[in-house]
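> The following comprises the amino acid sequence and a computationally predicted model.
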Amino acid sequence: MTRPLTRPSSQEAGVTLIEFIVMLAVLAIVIGGIYEFVVNGAVSAAKTNDFIQAQGQIRAALDNIIDESRWAQLVTAAGPTSVTLSIPQNTPFSATSPYNVTFAYDAVNHVVTRQQDTNPAVSLAYLVVGARGSTGLTFTYFDSGNTPLGSSPTPGQLSTIARLRATVAATSGTVTRYLAGDAALRAH
C-alpha cells in the first residue's frame, strides 16, 4: 500500500536553497577576512624583516667607518656624503703599507661604499635612505677644539679635521632610524 504524500515535519526539514546560498556567502566573507588578515600579516612581517636586516647592515657599515677612521692620519677629501682618509701603516687594517680609503654614499643605489686606493668600491650596506628619500649617509667634521666645521669643510680646513661624525639612515615606509658614530683621528 502506498502512503499519501505529506509535508515533512519541522524536525525532518532540510535547508532551503536560499538558506544554503546565504550560509555560503557568510562563510566566504569569514574566510576572506581570515585570508586578508594572514596576507597582511605576512606582508608586514616581510617589511619588518627587511627593515631589521637593513638596520643590521647599516650598523655594521657604521662600525666599519668609525673603526677605520680612528686610525686615520689625515682627511684628504671631505664632503657631506663622502670622506677620504689616509691610513698609515702598522695599524690593524694595514701592517705593511699606508693606503687611502673613501667611504661614500651612492644615492642612485642607496648604498654605503668603501673604496681602498684605486680598487673598485665595495658596498657595505644596502637600503640606506633618509626620510622622504633624503641622503642616507652624512658626515660632519670637527677641529681639535671640537668646533664644528660643518658637512662641507673648505680645502684649507682639511688639515684641521680632528674628528668626524657619520650618520646613517634606514627608512621603511614612514619610519626612519638614524645611527651615528664619532671617531677622533689618531694623529690629532
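Structure's in. What do you need?
> Count the residues that sit near the spatially closest residue to Asp67 that is not a sequence neighbour.
With sequence-adjacent residues excluded and distances taken as Cβ to Cβ, 6 or more residues apart in numbering, Asp67 is closest to Ala183, at 7.8 Å. For the C-beta atoms, the positions are set from N, CA and C on the backbone; glycine is no exception. Per other Cβ atoms under 10 Å, the neighbour tally for Ala183 reads 18.
> Ala183 touches Asn64, doesn't it?
No. Applying Cβ atoms under 8 Å, one finds Ala183 not in contact with Asn64, separated by 11.0 Å.
> so what strands line up beside the longest strand that the chain contains?
When the chain is parsed with DSSP state E, its longest strand is strand 161-172. Strand pairing for strand 161-172, using DSSP bridges, gives strand 137-143 (antiparallel), strand 175-184 (antiparallel).
> ok now the first one, how far from the chain's centre?
Its chain's C-alpha centre lies 20 Å from the corresponding centre of strand 137-143 when counted by Cα atoms, centre = their mean, to the nearest Å.
> Show residues contacting stretch 156-164.
69, 74-78, 83, 139-144, 146, 149, 153, 182-185, 188 (Cβ atoms under 8 Å, 6 or more residues apart in numbering).
> Please spell out the PyMOL selection for the buried subset of these.
Selecting only the buried entries of the contacts of stretch 156-164 in PyMOL, with 16 or more other Cβ atoms under 10 Å as the criterion:
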select buried, resi 69+74+75+76+78+83+139+140+141+142+143+149+153+183+185+188
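> Where does pLDDT dip in the chain?
For the chain, the stretches with pLDDT under 70 are 1-13, 187-188.
> For it, which segments count as strands?
Here the chain has its strands, by DSSP E, at 74-78, 82-87, 99-106, 111-116, 122-125, 137-143, 148-150, 161-172, 175-184.
> Residues contacting the fourth one, please?
In this case it means strand 111-116. By Cβ under 8 Å, 6+ apart, strand 111-116 touches 58, 61, 64-65, 99-106, 121-126, 128, 136-137, 168.
> again with the third one
When contacts are defined by Cβ under 8 Å, 6+ apart, strand 99-106 is touched by residues 65, 68, 76-77, 81-87, 111-117, 121, 123-124, 128, 135-138, 166.
> what about that strand, distance to the chain center?
For strand 99-106 - counting by Cα atoms, centre = their mean - the centre lies 19 Å from the chain centre.
> before we move on, what about the fourth one?
When C-alpha coordinates are averaged (Cα atoms, centre = their mean), strand 111-116 and its chain have centres 16 Å apart.
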